[in-house]
Each structure stands twice: as C-alpha cells, then as structure tokens.
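Peer 1: Below is the structure, and that's it, no one-letter string:
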C-alpha cells in the first residue's frame with residue numbers, strides 16, 4: 001500500500017534547498033514537526049519551561065520582576081503550580097509568595113476609622129462601597145509573566161510556520177504530524193490567507209480522522225482536541241445563571257473548602273462524559289478539563305474516538321464549503337463552532353468572551369455553579385478561603401456583615417502563613433541549614449494553594465472567580 005504521506009527530507013537537505021534565508025525559529029518548527037502532535041504546543045511549552053527554570057535559579061531576586069509578580073498576585077493558577085514543581089527546593093516559591101502575601105495583606109488592611117476633613121471632602125461624590133474598594137485592591141494588576149511568555153511563543157512560531165507552508169517539505173511534515181491542535185488552528189486562521197487556512201485545516205482533519213479511525217490514546221486525543229496540557233489558556237471563570245446543587249463544604253482541612261467542592265463537581269461532570277453519552281461535550285472541554293478527564297479515565301478511548309470523529313467531520317464539511325465560494329471566515333468558524341469575529345482573537349485569557357465560556361466547557365459550568373453554592377455556605381460559617389474565592393465571597397456578600405468575620409479569618413491565616421514562609425527562608429540560609437524544618441516545610445505549597453487555588457482547579461491564564469479588572 002502506498003504511503004499517503006511521502007517522507008519529508010531531513011533538516012540538512014531542507015537547509016540547503018534553494019529557498020529564502022532561514023533562521024533558528026524556522027529550524028525549530030521544522031524539526032519539531034518530525035514528531036507527532038501540534039508543533040506550536042510543543043514549542044510554546046518548551047519556551048515556558050525554559051522561562052520558569054531560568055526564573056527559579058537566576059531571576060528570583062530581580063527587583064523589577066518581583067514588583068510585577070506582586071502586582072499580578074504571583075503566577076496564574078497553572079503556572080504557579082508548575083513553578084512550585086520546577087523549583088524543587090521551594091526557596092524561590094517562598095521568596096516570591098512571601099512578597100505576594102505581603103501585598104495581599106496590605107490590600108486587606110482596614111481603612112482608618114477617621115480621616116481628615118480635607119480627605120473626606122476630596123472623596124465626596126466618588127467614594128465606592130468599602131467591599132468594592134477592597135475587591136479592586138485585591139484584583140491582579142498585571143498578566144502572569146509565564147502566560148505572557150506562552151502567548152508570545154505561540155504567536156512567534158505561528159508567524160514562522162505560516163509563510164513556510166508554501167514549501168513542500170514543510171507541508172509534508174505538517175501532514176505527517178497531524179496538523180495543529182484545534183485551539184492553535186483557531187489562532188492560526190485569524191492570521192492566515194485562504195490558501196494557508198485550507199492547508200492547515202486539511203492537515204488537521206486528516207490527523208483527526210487518522211487518530212479517530214484506530215484506538216486513540218486519551219493523551220493523543222486530548223492534545224489534538226484541546227491542545228497539550230498547559231499549552232492553551234482556559235476561559236475565564238464566569239458567574240453561572242443559577243447555583244449548583246447544595247455543595248458539601250469539607251471542614252477541618254488546610255486548603256480552601258470551596259476549591260474542593262468545585263473540583264468534586266467538575267470531576268462528577270467529567271465522569272459522566274466518560275460514559276460516552278455526548279461526544280460533542282468532549283470536543284468543547286477546555287484544556288484544563290480535557291486533561292483532567294484523561295487523568296480520571298486513563299483507559300477510556302470511546303468518548304475520545306467519537307469526539308475526534310465529530311470534530312473531523314465538522315471541519316471537513318466546512319472545508320468542502322469553500323469550493324462553493326463561501327466566505328472563508330464563515331466556513332472555518334462554522335467548522336470550529338465559533339463566530340467569525342472570534343477567529344482573530346488570541347488564545348490567551350483575554351481572548352474569550354464570557355458568553356463563549358458559558359457556551360463551551362461543560363465542566364467549567366459545573367465547577368462555577370458549585371463554587372457559587374459553596375461560597376454562599378462559606379459565608380454562613382466563615383473560614384479562610386483561597387484568594388480567588390475570597391474575591392467571589394466579597395462579590396456575593398457585598399456590604400453584608402458576614403464579610404467582617406471572613407476577612408478577619410483571612411488576615412489571621414495570611415499572617416501565620418507569611419511567618420512560616422519567613423522561617424522557611426531563614427532555614428534555607430547556610431548559617432541555619434543544620435536546623436531541621438518543622439511545620440514550615442510545607443509553607444511554599446500552602447502559599448501557592450492560598451493565592452492561586454487548589455491544584456487542578458483552573459487552567460492557564462485563568463483570572464479569579466470574582467469580577468475582573470474593568471468589570
């Protein structure tokens with residue numbers, strides 16, 4: 001049987017072929033296409049790993065970077081946990097999040113009971129309720145630096161790939177790799193010509209059908225449908241129209257009870273998808289929840305096979321429509337279940353509208369509804385939640401008196417944890433290295449959980465569950 005994808009030439013032959021000058025990024029893309037999977041995912045993730053690794057061992061004490069991290073409340077959820085895992089000794093995490101906790105404590109500081117008459121007069125007519133002022137002070141004032149690196153790398157390598165699609169060797173390697181993942185295909189379509197869009201979409205359709213025609217591994221299917229783990233930003237958390245079922249909020253634990261209730265709701269939703277009843281829902285899973293489904297059901301290939309087939313058929317029908325003279329934005333958008341205006345949006349956290357987030361990932365919807373119910377219950381029995389859920393609680397309660405107890409519990413927990421981080425840093429000093437670590441040994445991990453939320457709750461670039469800056 002003839003191989004439908006002729007083998008591409010090696011990098012040496014490609015280097016010496018009569019084409020325009022090539023630079024390091026061109027070779028990075030070409031060589032990455034020798035392996036199956038989305039090349040943009042692989043290269044963007046490599047850039048983030050290198051960035052975080054360099055930060056952990058070379059830039060932790062950089063004054064400008066630390067100021068940025070204080071303003072952004074550290075890293076986003078996904079990159080906060082990734083940084084903790086990379087900086088294995090915990091010292092870099094303790095230094096950064098000790099700073100972040102200090103800035104959060106300053107934001108939570110109560111306003112003075114009395115102010116001067118001049119200051120009171122200046123505030124007259126523009127004073128906001130106290131809880132809104134506190135929400136504004138708690139909100140991140142900058143983007144996660146690792147997200148910025150991820151988005152920049154994805155854009156940079158797409159801009160390298162698109163002009164090279166005119167070269168046969170690049171097209172052959174792209175077809176053999178299975179095209180791009182659907183999120184990066186969407187991003188590429190907003191930058192490509194009609195010819196480039198048709199080539200990219202055709203390679204991706206072939207990859208979807210080839211993978212779905214056999215016994216796909218959940219990892220390969222999730223990579224193609226939702227992007228490699230951590231390579232694509234998740235939609236921002238949104239406020240559901242209705243609360244979820246009465247959530248059981250665990251007590252007596254060191255981490256945020258609302259996080260655990262939300263994780264349980266999302267897992268229940270994902271396990272229902274594993275029963276194979278709805279292939280369309282598997283296509284709509286965000287990056288974070290697609291990989292959570294892989295972890296929960298490592299051997300379940302049925303839902304992924306149906307999802308691959310559904311996505312491939314939808315995109316193939318859209319490609320066929322171009323021969324009828326349809327608008328390229330319209331037929332590609334229809335194949336990816338998007339509005340035409342969304343093709344030009346980046347895959348970063350600001351590239352999703354709230355309505356789009358609500359229409360897409362079913363696990364995100366279940367998670368958000370459970371967060372709402374659990375936070376209501378938390379207000380009746382205050383305990384220190386993580387920072388994102390503190391913001392959600394302030395949004396729900398407003399000027400309610402219950403927020404006083406909640407804020408008091410949060411300040412007490414932050415002060416205790418910051419003291420533990422300081423002790424952890426002290427014992428990492430060579431002068432005190434002989435002193436054994438006590439309860440402070442786990443303080444870096446608890447600081448990440450407190451500022452960013454429990455591991456697995458959010459995806460890349462996700463903002464807190466309360467109102468975003470500018471809302």
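Peer 2: Nice, thanks for sending it over. Since the model is a prediction, treat every value here as computed from it, not as a measurement.
Peer 1: report the longest helix in this protein, please.
Peer 2: In the chain, taking DSSP state H as the definition, the longest helix is helix 402-428.
Peer 1: So for it, what gets flagged as buried?
Peer 2: The neighbour-count check on helix 402-428 (16 or more other CB atoms under 10 Å) flags 402-403, 406-407, 410-411, 413-414, 417-418, 420-421, 423-425, 427 as buried. Backbone N, C-alpha and C define where each C-beta goes, glycine included.
Peer 1: Return the angle between stretch directions for the helix or strand just after it and helix 402-428.
Peer 2: Remark: after helix 402-428, the chain's next helix or strand is helix 443-452, criterion DSSP states H and E. Put simply, helix 443-452 runs at 150 degrees to helix 402-428, going by axes from the mean of the first three to the mean of the last three CA atoms, to 10 degrees.
Peer 1: what mean pLDDT does the longest helix of the chain have?
Peer 2: Taken as a whole, helix 402-428 carries a mean pLDDT of 89.
Peer 1: Which secondary structure elements does that helix sit against?
Peer 2: In terms of contacts (3 or more CB pairs under 8 Å, 6 or more residues apart in numbering; DSSP states H and E), helix 402-428 is packed against helix 91-108, helix 362-380, helix 387-397, helix 443-452.
Peer 1: possible to save those as a markdown table with distance to residue 139?
Peer 2: Formatted as a markdown table, the helices and strands packed on helix 402-428 follow (distance: least, CB to CB, whole Å):
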| stretch | distance to residue 139 |
| --- | --- |
| helix 91-108 | 9 |
| helix 362-380 | 17 |
| helix 387-397 | 7 |
| helix 443-452 | 13 |
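Peer 1: Make JSON lines from these and add mean pLDDT, distance to residue 77 and mean neighbour count to it.
Peer 2: Converted to JSON lines, the helices and strands packed on helix 402-428 look like this (pLDDT from 0 to 100; distance: least, CB to CB, whole Å; neighbours: other CB atoms under 10 Å):
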{"stretch": "helix 91-108", "mean pLDDT": "92", "distance to residue 77": "13", "mean neighbour count": "20"}
{"stretch": "helix 362-380", "mean pLDDT": "86", "distance to residue 77": "12", "mean neighbour count": "23"}
{"stretch": "helix 387-397", "mean pLDDT": "86", "distance to residue 77": "8", "mean neighbour count": "24"}
{"stretch": "helix 443-452", "mean pLDDT": "93", "distance to residue 77": "4", "mean neighbour count": "24"}
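Peer 1: Quick one: closest of those helices to residue 72.
Peer 2: Smallest distance to residue 72 across the helices and strands packed on helix 402-428 (CB to CB): 8.7 Å, for helix 91-108.
Peer 1: what's next to the closest one, contact-wise?
Peer 2: Helix 91-108 is contacted from outside by 55-57, 60-61, 66, 69-71, 73-74, 83-84, 87, 134, 137-138, 387, 407, 410-411, 414-415, 417-418, 421-422, 424-425, 428, 443-445, 447-448, 450-451, using CB atoms under 8 Å, 6 or more residues apart in numbering.
Peer 1: same thing but at 7 Å, please
Peer 2: Contacts to helix 91-108, defined as CB atoms under 7 Å, 6 or more residues apart in numbering, come from residues 56, 60, 66, 69-70, 73-74, 83-84, 87, 134, 137-138, 387, 407, 410-411, 414-415, 417-418, 421-422, 424-425, 428, 443-444, 447-448, 451.
Peer 1: What part of this protein, helix or strand, is modelled with the least confidence?
Peer 2: helix 354-359 (a mean of 38; mean pLDDT, DSSP states H and E).
Peer 1: and the nearest residue in space to residue 78 that is not next to it in sequence, what does it touch?
Peer 2: Counting by CB to CB, 6 or more residues apart in numbering, residue 460 is the residue found nearest to residue 78 once chain neighbours are left out, at 4.4 Å. Going by CB under 7 Å, 6+ apart, residue 460 touches 76, 78-79, 147, 150, 230, 232-234, 287.
Peer 1: Could you provide these in TSV, with additional columns for distance to residue 294 and pLDDT?
Peer 2: Listed next are those as TSV, based on distance: CB to CB, whole Å; pLDDT from 0 to 100:
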residue	distance to residue 294	pLDDT
76	21	91
78	15	92
79	20	93
147	22	92
150	20	94
230	13	91
232	14	86
233	18	79
234	15	68
287	11	88
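Peer 1: now, which of these lie within helices?
Peer 2: Of the contacts of residue 460, the ones assigned to helices by DSSP H are 78-79, 147, 150, 287.
Peer 1: same question for whichever strand or helix holds residue 26, mean pLDDT?
Peer 2: Residue 26 belongs to helix 24-32 when assigned by DSSP H and E. Averaged over helix 24-32, pLDDT sits at 87.
Peer 1: Which secondary structure elements does that helix sit against?
Peer 2: helix 11-15, helix 39-54, helix 145-164 (3 or more CB pairs under 7 Å, 6 or more residues apart in numbering; DSSP states H and E).
Peer 1: of all those, which lies closest to residue 271?
Peer 2: Among these, the nearest to residue 271 by CB to CB is helix 39-54 (25.9 Å).
Peer 1: Contacts made by the closest one with the rest, please.
Peer 2: By CB under 7 Å, 6+ apart, the residues outside helix 39-54 that reach it are 28-29, 32-33, 82-83, 86, 146, 149-150, 153-154, 157-158, 177, 180-181, 184, 223, 227-228, 230-231.
Peer 1: Could you do stretch 65-72 as well?
Peer 2: Counting by CB under 7 Å, 6+ apart, 59, 96, 99-100, 103, 140-145 sit against stretch 65-72.
Peer 1: In JSON lines, list those residues along with distance to residue 255.
Peer 2: Below are these laid out as JSON lines (distance: CB to CB, whole Å):
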{"residue": "59", "distance to residue 255": "28"}
{"residue": "96", "distance to residue 255": "19"}
{"residue": "99", "distance to residue 255": "21"}
{"residue": "100", "distance to residue 255": "17"}
{"residue": "103", "distance to residue 255": "21"}
{"residue": "140", "distance to residue 255": "21"}
{"residue": "141", "distance to residue 255": "25"}
{"residue": "142", "distance to residue 255": "25"}
{"residue": "143", "distance to residue 255": "25"}
{"residue": "144", "distance to residue 255": "21"}
{"residue": "145", "distance to residue 255": "25"}
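Peer 1: nearest to residue 196, of those residues?
Peer 2: So of these, ranked by how close each gets to residue 196 (CB to CB), first place is residue 143, at 28.7 Å.
Peer 1: now that closest one, what's its secondary structure?
Peer 2: State at residue 143, reduced to three classes by DSSP: H, G, I helix; E, B strand; the rest coil: coil.
Peer 1: Without its sequence neighbours, what residue ends up closest to it?
Peer 2: residue 72 is the one closest to residue 143 (CB to CB, 6+ apart), at 6.4 Å.
Peer 1: how many other residues sit next to that neighbour?
Peer 2: 19 (other CB atoms under 10 Å).
Peer 1: picking that back up, now render the contacts of residue 460 as CSV, adding distance to residue 366.
Peer 2: Putting the contacts of residue 460 into CSV (distance: CB to CB, whole Å) gives the following:
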residue, distance to residue 366
76, 21
78, 19
79, 24
147, 25
150, 26
230, 21
232, 20
233, 20
234, 14
287, 17
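Peer 1: which of those are buried?
Peer 2: Here, 16+ other CB under 10 Å leaves 76, 78-79, 147, 150, 230, 232-234, 287 buried among the contacts of residue 460.
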